[in-house]
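**Q** Let's see this in three dimensions:
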Amino acid sequence: MRAFLDTRSGRDPAVVIWAAAGTCWAVMAALVLAGASGFCHDGVAPDRTSEPPGTVFAVWLVMIGAMMLPTTVPLARMFVVVTARVPRPTGARVAFLAGYLALWSGFAAAALLGDRAVDALVGRAAPSGLVLGAVLVVAGVFQLTPWKHHCLTVCRSPWMFLWQYYGRGVRGAWMLGVRHGAFCLGCCWALMLVMLGTGVSSIRWMLALTGAMLLEKTAPKGSRLAVPLGGALILAGAAVFLPAVGAFPADLAGSGARPAGEVALVVAAVSLAILWPAQALARRRRTGRTGSRRDHQPARTSCFSVTGCGGASTATQARTSCASASPDEPGRIG
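**A** Next up, the predicted model:
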């Protein structure tokens, strides 16, 4: 934390963030190894009635820290650069972190209340795949929505985000952290809700979802993962939801003796391994057909001068520059 707050420190703030996330991962692993199965959804794991709400809320915060802190590294680096020459930047940096964490703390409280509401609605004796399957389908459908696309684009464009929302002083930094948390929450809330169905002690699902969110937000072409991931989650949700409601035999689905979380994870992994390359192949073919049509079209030049085409070169260069801009790399400016 000191390296993040000290302007004279030449350390990368990513080191501090990754260290904090690693600590959260270590705490979660220790809870699982210690047999703290009470921190799971009741449809998947044993009863949790003996655990006080404050303890469960704290575990949710640790889980969110483990999964979401790594995705804040790009913006944290840029915020440190922007505030490097600001007088007394420590307060602004603390406010930025506090605003981000405050928003996710609110989400943790809402998730806890939602978990208890689900318990009251479906009961503790509901099949394990019922809640998990429904949440997976919801998360998969959300991956295909314009809301997801918009929030993901903002999260992948930290320089543009700073350019638009940066404000001076402690209050401006607080609002920047809150806005960053809001867009981050808007992008990942559905994926985080999957942990309601799997249980926060499901380390495999935590690793899978964290990797997916990191790829979406930071990989050069990570935005292309959203659609195939949505399809994989929908298929995984159907694989555990349909047997739970009796619409499909559990033995044929291969989930008769396996926990619903494991079955869903395998189905999601296999589906993603098929859908992601298929999307890339379809995109390549579509690009090839578009390029072929362009090759057969006559070149058009725009003349803005009555005495010749003096402005044609500049106009053509502008159009070429705009056409070469890739939505998969929205963070590249200039």
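**Q** Please give the element, helix or strand, for residue 108.
**A** Residue 108 belongs to helix 90-122 when assigned by DSSP states H and E.
**Q** list the buried ones in that helix?
**A** Residues 92-101, 103-105, 107-108, 111-112, 115, 118-119 are the ones in helix 90-122 that count as buried (16 or more other C-beta atoms under 10 Å). Bear in mind the C-beta positions are built from the backbone N, C-alpha and C, glycine included.
**Q** Assign a three-state SS to residue 273, would you?
**A** helix (DSSP: H, G, I helix; E, B strand; the rest coil).
**Q** show me where pLDDT drops low in this protein?
**A** 1-11, 35-51, 122-128, 200-201, 246-257, 289-334 (pLDDT under 70).
**Q** so where do the helices sit in it?
**A** With helices called from DSSP state H, the chain shows them at 2-5, 13-33, 53-68, 73-82, 90-122, 128-142, 146-155, 158-165, 169-198, 203-218, 226-244, 250-253, 260-296, 312-324.
**Q** what packs against the second one?
**A** This means helix 13-33. helix 2-5, helix 53-68, helix 73-82, helix 203-218 (3 or more C-beta pairs under 8 Å, 6 or more residues apart in numbering; DSSP states H and E).
**Q** let's see 6 Å
**A** helix 2-5, helix 53-68, helix 73-82 (3 or more C-beta pairs under 6 Å, 6 or more residues apart in numbering; DSSP states H and E).
**Q** between those helices, which one is nearest to residue 270?
**A** helix 53-68 (22.7 Å; C-beta to C-beta).
**Q** how far off helix 13-33 does that closest one point, in degrees?
**A** Using axes from the mean of the first three to the mean of the last three C-alpha atoms, to 10 degrees, the direction of helix 53-68 lies 130 degrees away from that of helix 13-33.
**Q** residues in contact with helix 53-68?
**A** Helix 53-68 is contacted from outside by 21, 24-25, 27-28, 39, 104, 108, 112, 200, 210, using C-beta atoms under 6 Å, 6 or more residues apart in numbering.
**Q** one more time with 7 Å
**A** Outside helix 53-68, the residues that touch it by C-beta atoms under 7 Å, 6 or more residues apart in numbering are 20-21, 24-25, 27-28, 31, 39, 104-105, 108-109, 111-112, 184, 195, 200, 206, 209-210, 213.
**Q** and that helix, C-alpha only, in CSV?
**A** Extracted in CSV, the C-alpha atoms of helix 53-68 (Å, rounded to 0.1, in the frame of the first residue of the first chain):
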residue,chain,number,x,y,z
PRO,A,53,-24.1,-12.4,8.6
GLY,A,54,-21.1,-10.3,9.4
THR,A,55,-18.8,-13.3,8.9
VAL,A,56,-20.3,-14.2,5.6
PHE,A,57,-20.1,-10.6,4.5
ALA,A,58,-16.4,-10.5,5.4
VAL,A,59,-15.8,-13.7,3.3
TRP,A,60,-17.6,-12.1,0.4
LEU,A,61,-15.3,-9.1,0.6
VAL,A,62,-12.3,-11.3,0.6
MET,A,63,-13.6,-13.2,-2.4
ILE,A,64,-14.3,-9.9,-4.3
GLY,A,65,-10.8,-8.7,-3.4
ALA,A,66,-9.2,-11.9,-4.8
MET,A,67,-11.2,-11.8,-8.0
MET,A,68,-11.5,-8.0,-8.8
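**Q** Can you check what angle separates the helix holding residue 108 from helix 53-68?
**A** Using the same axes, to 10 degrees: helix 90-122 against helix 53-68 is 120 degrees.
**Q** Give me the helices and strands touching helix 90-122, please.
**A** helix 2-5, helix 53-68, helix 128-142, helix 169-198 (3 or more C-beta pairs under 7 Å, 6 or more residues apart in numbering; DSSP states H and E).
**Q** would JSON lines of these with distance to residue 239 and mean neighbour count be doable?
**A** Output for the helices and strands packed on helix 90-122, formatted as JSON lines (distance: least, C-beta to C-beta, whole Å; neighbours: other C-beta atoms under 10 Å):
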{"stretch": "helix 2-5", "distance to residue 239": "42", "mean neighbour count": "16"}
{"stretch": "helix 53-68", "distance to residue 239": "23", "mean neighbour count": "19"}
{"stretch": "helix 128-142", "distance to residue 239": "8", "mean neighbour count": "23"}
{"stretch": "helix 169-198", "distance to residue 239": "13", "mean neighbour count": "21"}
